[in-house]
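# have a look at this prediction, sequence included:
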Amino acid sequence: MSESRLREEICRYGRSLFERGLTPGSSGNISLRLDDGGWLVTPTNASLGFLDPARLARLDAAGTLVSGDKPTKEIPLHNALYESRASARAIVHLHSTHAVALTMLPEIDPRAALPPMTPYYLMRAGQTALLPYYRPGDPAVADAIRGLAGRYSSVLLANHGPVVAGDSLEAAVFATEELEETAKLYLLLRNLNPRYLSPAQVGDLVKNFDLDLPDHEHGHDHSE
Ligand SMILES: [Zn+2]
């Protein structure tokens, strides 16, 4: 896909996410890794609903701004996830309500923030890690993401929001939507004793769809 087409895709997905209320105001950001090793990144203080393809920040492989507006200040988040997941081509970060709400509940397992509720959550978002709260812009959050060693494509930042990597922009957007909807389901069903997928049902999905879940290791190596 040409760079101009990719620029339009970022704006189109950004508007779609914004218009569905998945990230308010000027929150949320999107980045995409280009074939030359550089990136396209949404600008700082820009609403995802009103992006201009020509003003997206264009960074070179060293992270230097080549053209466009100043990139989001949450770029260390993106950088850390790209560094630890070589397969990542795009990253979406939102301040989506249900995913943020989930991070504040006392019972959440930081290595599996959501139970296996639906096949599509597992197939698109995998298993989700929860990192503790960091002040926005705190460089320590990047270290925390690196600490996950690339085992998670979806990460929740406590009291803040999800950061999700995909091997395409569409994959990252769809995974973020699946994570948000699954967080919503969890909140709807909390304390109602719901039946989640059984370990055997999860194992069957892992096998049939070649899923790469941290709790179901089967030989994948993200460092490739
Ligand atoms: Zn944020």
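Now that the structure is in, tell me what you want to look at.

# assign the residue nearest the centre of the chain to helix, strand or coil.
With distances taken as C-alpha atoms, centre = their mean, residue 164 lies nearest the centre of the chain, 1.1 Å away. At residue 164 the chain is in strand, as set by DSSP: H, G, I helix; E, B strand; the rest coil.

# grab the nearest non-local neighbour of residue 47.
The shortest distance from residue 47 to any non-neighbouring residue, by C-beta to C-beta, 6 or more residues apart in numbering, is to residue 26 (4.8 Å). All C-beta spots, glycine's among them, are computed from the backbone N, C-alpha and C.

# what is the least confident helix or strand in the chain?
Least confident helix or strand of the chain, by mean pLDDT, DSSP states H and E, is helix 75-84 with a mean of 92.

# how far off centre is the helix or strand that that one is followed by?
Sequence-wise, the next helix or strand downstream of helix 75-84 (DSSP states H and E) is strand 90-93. With C-alpha atoms, centre = their mean, to the nearest Å as the basis, strand 90-93 stands 5 Å off its chain's centre.

# give me the sheet partners of strand 90-93 and which way each runs.
Paired neighbours of strand 90-93 in the sheet (DSSP bridges): strand 29-33 (antiparallel), strand 161-166 (antiparallel).

# between the shortest one and helix 75-84, how many degrees?
I take that to be strand 29-33. For strand 29-33 against helix 75-84, the angle by axes from the mean of the first three to the mean of the last three C-alpha atoms, to 10 degrees is 40 degrees.

# average pLDDT for strand 29-33?
Across strand 29-33, the average pLDDT comes to 97.

# what's the average pLDDT for stretch 106-119?
Stretch 106-119 comes out with an average pLDDT of 96.

# just the terminal-to-terminal distance for that stretch.
25 Å (C-alpha to C-alpha, to the nearest Å).

# got a list of contacts for that stretch?
The contact list for stretch 106-119, computed with C-beta atoms under 8 Å, 6 or more residues apart in numbering, reads 102-103, 121-122, 127-131, 156, 179, 182-183, 185-186, 194, 196-197, 201-202, 205, 214-215.

# now the helices: where do they sit in the chain?
With DSSP state H as the criterion, the chain has helices at 3-19, 75-84, 97-103, 119-124, 140-147, 169-189, 199-208.

# now those helices as CSV including distance to residue 38 and mean neighbour count?
Shown next, in CSV, are the helices of the chain (distance: least, C-beta to C-beta, whole Å; neighbours: other C-beta atoms under 10 Å):
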stretch, distance to residue 38, mean neighbour count
helix 3-19, 9, 17
helix 75-84, 12, 21
helix 97-103, 29, 20
helix 119-124, 27, 19
helix 140-147, 19, 17
helix 169-189, 15, 21
helix 199-208, 35, 14
